[in-house]
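J.: Please find the sequence and the predicted model below.
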Amino acid sequence: MRYLTIVRHAKATPARAGQSDYERTLSDRGIRQCVQLRSWALDNDALARFGPTTALVSSAARTRETYARSFDGTPFVAQCHYSDLIYNGARDVSAEDILIDLASIDPVHSSLLVVAHNPSVLELLVLLAKKTPKSILRDGYPLAGAYVLALEENAQIGLGTYELVDSCVPD
């Protein structure tokens, strides 16, 4: 079995004067959220059991930082690709856009990880999960939330429905 873990970036700071949305970095809360994500990425009873993954990370500063603080250097990630295409500050990014980018890096024999932005991650989860958690539908996709879907073995990621098998949501 292989898996797709969908992560929304951790809490970011507001843009400072003269700073673009793309350049926003993590807040103190976001850094604490990443500490929790990292502990789960190292825990064989939590996220670690769904790796190793091939990661696709939005190239925005807050998603790169979320990835670096949470997953970089852990056995959970075997390789990482950064993408300008899934940064939704310049244009609306759909779930299909993320799927296209994921399919382009999908090795078909390992699990996948995507670290991106809302509302794209919410749309992706709703599109792919056989059953979306009521809390997501009610409250939205939580910051630094990680949701894991079971993928078909030896089949490229694509439009379809997959079982939601786990979630890790930091404080």
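T.: Happy to help now that I have it.
J.: what about the strands in this structure?
T.: Shown for the chain, the strands assigned by DSSP state E span residues 2-8, 53-58, 77-83, 111-116, 146-151, 164-168.
J.: is it possible to export the ones you listed to CSV including mean neighbour count and mean pLDDT?
T.: The way it works is simple: take the backbone N, C-alpha and C, and place the C-beta from them, glycine included. Shown next, in CSV, are the strands of the chain (neighbours: other C-beta atoms under 10 Å; pLDDT from 0 to 100):
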stretch, mean neighbour count, mean pLDDT
strand 2-8, 25, 97
strand 53-58, 25, 98
strand 77-83, 17, 97
strand 111-116, 27, 98
strand 146-151, 23, 97
strand 164-168, 17, 97
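J.: Quick check: residue 2 touching residue 149?
T.: No - if you go by C-beta atoms under 8 Å, residue 2 and residue 149 don't touch, sitting 10.0 Å apart.
J.: okay, the strands of the chain in JSON lines with distance to residue 33 next?
T.: Output for the strands of the chain, formatted as JSON lines (distance: least, C-beta to C-beta, whole Å):
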{"stretch": "strand 2-8", "distance to residue 33": "10"}
{"stretch": "strand 53-58", "distance to residue 33": "16"}
{"stretch": "strand 77-83", "distance to residue 33": "17"}
{"stretch": "strand 111-116", "distance to residue 33": "12"}
{"stretch": "strand 146-151", "distance to residue 33": "10"}
{"stretch": "strand 164-168", "distance to residue 33": "10"}
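J.: That'll do, ta.
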